[in-house]
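**Student:** got a predicted structure here, sequence first:
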Amino acid sequence: MPELPEVETVRRGLAPYLEGATIDKVTLNRKDLRFPFPKGFIKALEGQTITSVGRRAKYLLFRLSSGKTWLGHLGMTGAFRFADFRFKEPSRYYEPGENIKHDHVVVHLTHPSRGKLTLVYSDARRFGFMEVFARDEDSPYLQGLGPEPLGNEFNAAEMAARFRGKSAPIKAALLDQRVVAGLGNIYVSEALHRAHIRPTVPAKNLVLKSGKPSTRLDLLADGVRAVLTEAIEAGGSTLRDFRDADGGSGYFQHRFAVYDREGEPCPTPGCTGTIRRIVQSGRSSFFCPVCQH
Ligand SMILES: [Zn+2]
């Protein structure tokens, strides 16, 4: 499932082709993805110029000249590509496959310098969805989201205020989208390992009596930013490779330190631990029992 770095990589891949482009025609090959396409979806898009391609949490936000926003969520297998040229997979991650039966949305555009473009959205499992709304406040998906982990509002002091008195495990607290937006299972495991914090530690244990963040919470805030930034940079470099190589393998050959590495040696320098997997709230957590406590 794409997490924040993957969605950001998709955004960066699409932006140079879509920003400034005008939407000539939209074809929907079915009525729904995870949810039905909203009423008036095609009408809201056709004739509009895409002024910017943004992201909030795991949502792609295509801002339109009308002032409206076209929102896209990739679900588990959603991907955008351009049908026109050799660089086919600007948003490809995981297994590539030219299977047009999963092409659900086709958007014909004219870009002022690149000319005619055909943007295709495919989604084999159809957990993705699209929406269009007039103002961010009108979208239920954007309501109540916590700060962007790579933005200025995300910091240890902010987390301390949220975690004070919370006995929930730190893993669950970090997955709460009101605490930090867009963080998922993989990067929570990675950030906790980076900060040497065990995923089962009660969130309140990382807050001092004064309400200030502990040193460990400072490390965790840094860890969250670091793992996301590195993953985005890795995605970016893969994206550049794709332009030359015409695809082949997936987007994220990014190597994780602990995620999905049960039984392997801990990569922390000098640590002799072996990565363990436990299940928390029905989802796997990976950690090193020696250097995470
Ligand atoms: Zn370790």
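**Tutor:** Alright, I've got the coordinates.
**Student:** the chain: helices as residue ranges?
**Tutor:** Here the chain has its helices, by DSSP state H, at 4-18, 41-45, 156-163, 170-175, 185-194, 215-245.
**Student:** name the helices or strands packed onto the shortest one?
**Tutor:** Which is helix 41-45. strand 22-28, strand 129-133 (3 or more Cβ pairs under 8 Å, 6 or more residues apart in numbering; DSSP states H and E). C-beta here means a position set from N, CA and C on the backbone, and glycine is covered the same way.
**Student:** one more: the third one?
**Tutor:** Here helix 156-163 touches helix 170-175, helix 215-245, going by 3+ Cβ pairs under 8 Å, 6+ apart.
**Student:** swap in 7 Å and give it another go.
**Tutor:** Helix 156-163 is packed against helix 215-245, with contacts defined by 3 or more Cβ pairs under 7 Å, 6 or more residues apart in numbering; DSSP states H and E.
**Student:** in the stretch 51-200 of the chain, which spans are strands?
**Tutor:** With strands called from DSSP state E, counting those that start in this stretch, the stretch 51-200 of the chain shows them at 59-64, 69-73, 78-82, 103-111, 115-123, 129-133.
**Student:** picking that back up, tell me the most buried of the helices of the chain?
**Tutor:** Mean neighbour count (mean count of other Cβ atoms under 10 Å) peaks for helix 185-194 among these, with a mean of 24.
**Student:** go ahead and name everything in contact with that helix.
**Tutor:** With Cβ atoms under 7 Å, 6 or more residues apart in numbering as the test, helix 185-194 has contacts from 3, 170-171, 174-175, 199, 220, 223-224, 226-228, 256-259, 283, 285-288, 292.
**Student:** quick one, what contacts Val258?
**Tutor:** Neighbouring residues of Val258 by Cβ under 7 Å, 6+ apart: 189-190, 193, 275, 286-288.
**Student:** the ion next: which of the contacts of helix 185-194 are close?
**Tutor:** Counting by Cβ under 5 Å from the ion, Cys288 from the contacts of helix 185-194 sit close to the ion.
**Student:** and the end-to-end length of stretch 65-72?
**Tutor:** Terminal residues of stretch 65-72 are spaced 17 Å apart (Cα to Cα, to the nearest Å).
**Student:** same question, stretch 165-176
**Tutor:** 15 Å.
**Student:** count of neighbours near the closest residue to Gly273 other than its chain neighbours?
**Tutor:** Spatial nearest neighbour of Gly273, excluding adjacent residues (Cβ to Cβ, 6 or more residues apart in numbering): Val290 at 3.0 Å. Residues near Val290, counting by other Cβ atoms under 10 Å, number 15.
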